[in-house]
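> task: produce atomic coordinates for the following.
(one chain, ligands or ions: 2)
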Amino acid sequence: MSTEEQNQKSVFSKEEEKVLEFWKKGDTFKKSVEKDAPQGNYVFYDGPPFITGLPHYATLLPSIAKDVIPRFFTMKGYRVDRVWGWDCHGLPAENKVEKNLDLKNKKDIENLGVERFVRECRDYVSTSSKQWEWYIERIGRWVDMKNAYKTMDLKFMESVMWAFKSLYEKGLIYEDYRTSLHCPRCATPLSKFEVTMDAGSYREVEDDSVIVEFETDKDFTLLAWTTTPWTLPGNLALAVKKDTSYSVVEHSGKKYVLAKERVEEVFEGKKYKKVKDIKGKDLVGTGYTPLFDLQNGKAKENSGTFKVYDADFVSTQEGTGVVHIAPAFGEDDFQLGKREGLPIIELMDENGVYGEVAGEWEGYYFKEANEKVKEKLGERLFKREKSVHSYPFCYRCDTSLIHKTQKAWYLSIESVREKMVESNKEINWVPDHFKEGRFKYNLESAPDWCLSRSRYWGSPVPIWRCDNKECENVEVPGSIKEIESLSGEKVSDLHRPGIDGITFPCRECGGKMKRVLEVLDCWFESGSMPFAQFHYPFEREDEWKDLFPADFIIEYTGQLRGWFYYLHVLSNALFDSYAFKNVIVTGVLAGSDGRKMSKSLGNYPDPKLVLDKYGSDALRIYFMSSPIMLGGDTNLSEEDIQDALRKNIILLSNVLSFYTPFAKEEKFFVKEGEWREGFSDNILDRWILARLEQTIEEIEENLKNYTLPPACKAITLFIEDLSTWYIRRSRKRFKGEDREDARRALYTTGLVLHRFSKAIAPVLPFVSENIWQKVTGNDFEDKEKSVHLTDYPKVEKRLIDEKLVSEMQKAREFTSLALKERAENNIKVRQPLPSLTIPKGAGLEEKGDLLEIIKEEVNVKEILFDESLEDGVVLDKKITPDLKEEGEVREVTRTIQNLRKKAGLVPGDRVKVFYKGKDFQELFSKWGDKLKKETGTEEIIEGERGDFLAEKRSEINEKELFLAIGR
Ligand SMILES: [Zn+2]
Ligand SMILES: [Zn+2]
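Ligands and ions are numbered 1, 2, ... in the order given. As a prediction, this is how the structure comes out:
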């Protein structure tokens, strides 16, 4: 690493790296997993990320929670195995390789050779995974990456195959024609949710829409409208709505029919005459002449083709109220075709090019077809217009998608829907509105799941079919052994193209059984991870009931239709169970400007630099405190990360640096389990212990409930109490002459830091380790010892004194009001004032200890009470000559102390003080002894000389004073 990079690292970041080193040397993660687990297993599933690219905030955020919760349950006495997973297959990897090798389409891949392509994909995912390790380790996430499961591993794929067969045998898998969004470049269907998951998939585009004339067997011509002219070659029918009014209109000697509502707009600028109105039902059954000649007998032979049908989806908001129907290219079209028994004719190949069946359209890419329509329709093109509408694009390669009907393998969601809705009731969703809201809606509305993809890099669809068209017998092997016994071949890899070469004779007719060429949708694999990661049921079958379902998973809202959904589908379909008991759904993380994070917009800081600058603990508590952990969308803010560092890590580190020298001097170290009852009556000690136990209870409750922001808020509030009130108020006690009281303060602080370090260890693993090591005196010596190997602190409920906490709260409020008034009136705190009056209703009259604290903080001689006061306080600001003098003495004392500090003196170094200032002669003669005592001064001398250790000229109450110290 270069020096420049080293220099950018903050002291916090460097400290964290030391801790990482300590864990590594001590093998602390492994020890934490393998230590005694009286509570048994706690099962965590890692949602496997796609390997492509580097980890980003969107992966770091859930990764941190995936560390916090398992650390917590480990400390609670559970065994939490944490194994990383990689989602290796699918389009993301294929697209990267295509880009790297400059392959334009599937033809290029086939030319290169499927074997080579698949090998490239495997190499790509193998090298990409390495770059992740630095980030995952640096954020302090404990996870076993060395033994990560990979969806491309033979064992994983065999379990997937077992799952497919099980589902097939349950009758849940079928082959059918369906319409789906299809990418002509990737040459594969995409699932609708993947397209909607990506916010940029649908965009407004300007396209041609056309109105086309259809000659009927009656005396009129129908005007039909479409926004996708390229689909016209697939036209098999027209649709109208039976209750809608249509008009017969005369124009240029011809009669046209279209929806009554649309006449004015369609004929705008044209001369026309309305003849009469009819109903849609009068049109149903009308025959018409096909626009183009299809080279396929099915269209002509079928008695239902080229007729008008009634359909609910016909709208008169736009167009003509007559819709062109191409069952090969649209969901509504396909459904209508199915209802009316129209034939399914596949006109276009998977690359979006018309085939031989399409007659004169053969060889046209769908986009070109859009352009050619005008020419080929000739006079039948009634009107052509530009129209703006929302259109989907491939989220991988940005090609315009098409709706395409094709044969594919489906999982029947319908058959498991009820079970899924029922078992969802058992799941704890955080936040809970997803349970009855979006997730339930997905379960209720999801269509059957298209499982097959006509691609290369994936688990094979394990279906072999007889190549005898008369037979078409199907076999679905569910294990490697089964394939081997069917084919007599040795199988060591399930990937294409090797698996495609395995054939065997048909049991029915003796024909050749060949594998269908598709691979599985990779969501089938990530949904299979609960069992496939263990190679179930081929291994670990006995332990299965302990490993399923998961106690905890977490991902972002997009996975409501992704991983969460597919886990739920497969677990219900295979095991009649939900797959996870508790789930956190995070919101979406956007860049600092609220837009999607993007390098070109520069709307987010480099994660590596952030980790170097602020450290991991700061990023951890920033993310875990954020409403994003309760499903809210959030913009990343570097300022807030910095703030998290300041409010948590810096304050806490300062407490530790203050405490440690005293503890060392007293040789006081806290032992595990150490507890001395009632060791201090001091009100501050009792208060901070009460606050500590309150805080531990709050953190624990919220971590148990998977609500991280309130747990983090409790941490931050306690750090503030500890640092800016308890330690600040106790500083004098540590240094004071009352050694008993000094030890009480030391003991209390030690105990608090020790217990608090354990309570925050899951959220802030680094700073907590630092504190624990210092407070216990291990100081990173014994590598067997770590805060993460201790038990979570059990709340000492009897110490929670709610009354004391609320009284202290009031005292602090009055103090801050009084200090605010001092500041507004420009009166320094060192200037004593006569009195502060506080509300009698606060009930603090009898609380001598608390009143002393207020008196000292506000620097007043007396606290008075007033019944008429409600929330406010009254500060008597009259400065008598005596008080003024007292204030000046304090000023002088403080200046001398600062000079000692400046000269590098330590307590016990005795020096002389020199002064010059005629207005201060009286003060020094009157208060000299007190000043000497308080500042460790031998002698006070009036006059100046040349060799002082430190000196300062100042003005006190507009009077000049020169002060210096010397030997
Ligand atoms: Zn694509
Ligand atoms: Zn056969």
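> quick check: residues of the chain near ligand 2?
Of all the residues in the chain, those in contact range of ligand 2 (CB under 5 Å from the ion) are Cys466, Asn468, Cys471, Asn473, Cys506, Glu508, Cys509, Gly511. C-betas here are computed from N, CA, C, even on glycine.
> for the fourth one, give me its contacts.
Under the criterion of CB atoms under 8 Å, 6 or more residues apart in numbering, the neighbours of Asn473 are Arg465, Cys466, Cys506, Arg507, Glu508, Cys509, Gly511, Met513.
> kindly recompute the last result at 10 Å.
Counting by CB atoms under 10 Å, 6 or more residues apart in numbering, Asn473 makes contact with Trp464, Arg465, Cys466, Asp467, Cys506, Arg507, Glu508, Cys509, Gly511, Met513.
> can you tell me how far the second one sits from ligand 1?
In this case it means Arg465. Separation of Arg465 from ligand 1 (CB to the ion, to the nearest Å) stands at 28 Å.
> mean confidence for the helix or strand harbouring that residue?
Assigned by DSSP states H and E, Arg465 belongs to strand 464-466. When pLDDT is averaged along strand 464-466, the result is 97.
> let me know whether Gln831 touches Asn957 as I believe.
Yes. Assessed by CB atoms under 10 Å, Gln831 is found in contact with Asn957 at 9.0 Å.
> what sits in contact with each of those two?
Residues touching both Gln831 and Asn957 comprise Ile879, Lys884, Gly887, Glu888, Glu891, with contact defined as CB under 10 Å, 6+ apart.
> all strands for the stretch 601-750 of the chain, in order.
Secondary structure of the stretch 601-750 of the chain (DSSP state E, counting those that start in this stretch): strands at 634-635.
> find the least confident helix or strand in this protein, judged by mean pLDDT.
Taking mean pLDDT, DSSP states H and E as the measure, the helices and strands of the chain show their lowest mean at helix 3-8, namely a mean of 55.
> what's the closest non-adjacent residue to Ala903?
Leu949 (3.9 Å; CB to CB, 6 or more residues apart in numbering).
> what about the helices in the stretch 851-967 of the chain?
Assigned by DSSP state H, counting those that start in this stretch, the stretch 851-967 of the chain shows helices spanning 881-902, 921-935.
> can I get those helices in TSV with distance to Asp721?
Putting the helices of the stretch 851-967 of the chain into TSV (distance: least, CB to CB, whole Å) gives the following:
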stretch	distance to Asp721
helix 881-902	26
helix 921-935	30
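> so who does the nearest residue to Asn682 once chain neighbours are set aside touch?
Closest residue to Asn682 in three dimensions, ignoring its sequence neighbours and counting by CB to CB, 6+ apart: Arg744, at 5.8 Å. Residues counted as contacts of Arg744 (CB under 10 Å, 6+ apart) are Phe679, Ser680, Asp681, Asn682, Leu684, Asp685, Ser730, Arg733, Asp738.
> tell me which of the residues you listed fall in helices.
When those are checked against helices (DSSP state H), the matches are Leu684, Asp685, Ser730, Arg733.
> out of the residues you listed, which is nearest to Glu17?
Of all the ones in helices among the contacts of Arg744, Glu17 sits closest to Ser730, with 32.1 Å by CB to CB.
> on that earlier part again, quick check: the residue nearest to Ala903 touching Leu963?
No. Here Leu949 lies out of contact with Leu963, judged by CB under 10 Å, at a distance of 11.8 Å.
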